[in-house]
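Asks: Quick one, what's the 3D model for this:
(chains A and B)
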Amino acid sequence: AQSVTQPDIHITVSEGASLELRCNYSYGATPYLFWYVQSPGQGLQLLLKYFSGDTLVQGIKGFEAEFKRSQSSFNLRKPSVHWSDAAEYFCAVGASGSNYQLIWGAGTKLIIKP
Amino acid sequence: NAGVMQNPRHLVRRRGQEARLRCSPMKGHSHVYWYRQLPEEGLKFMVYLQKENIIDESGMPKERFSAEFPKEGPSILRIQQVVRGDSAAYFCASSPQGRNSPLHFGNGTRLTVT
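Replies: Below is the predicted model of the structure:
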């Protein structure tokens, strides 16, 4: 069955520390992979996406993600978090040519310690 | 520079009542998508519409739920005879084209059925 797993429901990180949010997927075809962020009271915003090519993808707000086919993972990273990064982060996987038939993870809430 | 506008932000209905959720897409966007997010779960696709047409309703429950996107005015997601299990956050997204164009999300409507 197709699925996306974000193993961490909550993660707490000190401001200025590095961050890695995990995402594992199970998908039969070549996946298209996305990370979205939802700040409190806001809609979801696309951080970055992977369709093909270089497996290290750069996104907005200093985020990057690496696609590892052998591990079925697409982890999100940031070298130094800021208090404004506190939000919920969602990983999603989709099929080629479909921007809306996505399978979503349950999200990871990022808490920033001052 | 208005984004995707959803209203109301919060909606409380008693069991058996009707719920109407509205979504105005971004200016220039003619593709609208509705998603539902149950507590501690990822988003689930419900329906994809273009002006006056339902393109894909494979995620819509067979009964009580309907959606429209008229020539003029917002897209409406209608839930008749609501039950407690309908309590969720409902998100609308829009895009300028289909296929690989990115989705822009609204802030969601949180429906509570008492």
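Asks: can you list the weak-confidence ranges in chain B?
Replies: Within chain B, the ranges that satisfy pLDDT under 70 run B:1-2, B:99-100.
Asks: what residue lies at the spatial centre of it?
Replies: With distances taken as C-alpha atoms, centre = their mean, residue B:34 lies nearest the centre of chain B, 3.6 Å away.
Asks: wait, it sits on residue B:43?
Replies: No. Using C-beta atoms under 8 Å, residue B:34 is not in contact with residue B:43, being 10.0 Å away. From N, CA and C alone the C-beta is placed, and that goes for glycine too.
Asks: if I look at those two, which residues touch both of them?
Replies: Taking C-beta atoms under 8 Å, 6 or more residues apart in numbering or on different chains as the criterion, residue B:34 and residue B:43 both touch residue B:91.
Asks: Which secondary structure element is home to the residue nearest to the centre of chain B?
Replies: According to DSSP states H and E, residue B:34 maps onto strand B:31-37.
Asks: Residue of chain A nearest chain B, please.
Replies: As assessed by C-beta to the nearest C-beta, chain B sits closest to residue A:104 within chain A, at 3.0 Å.
Asks: Tell me, what's the model's pLDDT at that residue?
Replies: For residue A:104, the model assigns a pLDDT of 91.
Asks: I figured it was touching residue B:59, is that so?
Replies: No. Using C-beta under 8 Å, residue A:104 makes no contact with residue B:59, being 11.9 Å away.
Asks: the more surrounded of these two?
Replies: residue A:104 (23 against 17; other C-beta atoms under 10 Å in any protein chain shown).
Asks: Which residue, other than its chain neighbours, is closest to that one?
Replies: residue B:42 (3.0 Å; C-beta to C-beta, 6 or more residues apart in numbering or on different chains).
Asks: just checking, the one you found touches residue A:89?
Replies: No. Residue B:42 lies out of contact with residue A:89 (C-beta under 8 Å); the separation is 11.6 Å.
Asks: Quick check: neighbours shared by these two?
Replies: Common contacts of residue B:42 and residue A:89 (C-beta under 8 Å, 6+ apart): residue A:107.
Asks: Quick one: neighbours of residue A:8, just the number.
Replies: Neighbour tally, residue A:8, other C-beta under 10 Å: 14.
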